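> based on what follows, work out the 3D shape:
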Amino acid sequence: MKVLDLRESDTKCGSSSPALKIMNFWLSEGGNQEVQIIALKGVQADQVEMWAEVMKERGVKILDKNDEGDKIVYKVYLP
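As a prediction, the model looks like this:
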């Protein structure tokens, strides 16, 4: 399973925002796979969940979510 670690990303909007990093990852790595996304608790995790909610109509699904202290580890299906 491929891993996208967002902990080094900018938590604001912009070219290194979590949502754009996920989109770029999806475009470069392709779909029809499950990926692990690691986000810091708070703004990053909120952005991952908001992105997944918006992309739900495209087939994106959060399959699993684990709280691991200072981070949240998601298993996400990218169609």
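> so Lys41 makes contact with Glu68?
No. Counting by Cβ atoms under 8 Å, Glu68 is not a contact partner of Lys41; they are 9.3 Å apart. (Glycine included, C-beta is placed from N, CA and C.)
> higher neighbour count, the two?
For the pair Lys41 and Glu68, the greater number of neighbours falls to Lys41 (13 against 9), based on other Cβ atoms under 10 Å.
> what residues are up against the more buried one?
In this structure, Lys41 makes contact with 67, 70-72, judged by Cβ atoms under 8 Å, 6 or more residues apart in numbering.
> tell me the buried residues within those.
In the contacts of Lys41, burial by neighbour count holds for 71-72, counting by 16 or more other Cβ atoms under 10 Å.
> which ones among the contacts of Lys41 lie within strands?
Cross-referencing those against strands under DSSP state E gives 67, 71-72.
> looks to me like Leu27 is in a strand.
No. Secondary structure assignment places Leu27 outside any strand; it is helix (DSSP: H, G, I helix; E, B strand; the rest coil).
> if we can go back for a sec, switch the contacts of Lys41 over to a markdown table; also include pLDDT and distance to Leu78.
Listed next are these as a markdown table, based on pLDDT from 0 to 100; distance: Cβ to Cβ, whole Å:
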| residue | pLDDT | distance to Leu78 |
| --- | --- | --- |
| Asp67 | 97 | 22 |
| Asp70 | 95 | 25 |
| Lys71 | 97 | 20 |
| Ile72 | 98 | 17 |
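> now, which of the contacts of Lys41 sits nearest Ile37?
Ile72 (8.6 Å; Cβ to Cβ).
> residues contacting the closest one?
Contacts for Ile72 (Cβ under 8 Å, 6+ apart) come out as 38-41, 45, 48, 65-66.
> quick check, Val76 in contact with Gln33.
No. No contact is recorded between Val76 and Gln33 when judged using Cβ under 8 Å, the distance being 9.5 Å.
> perfect, that will be all.
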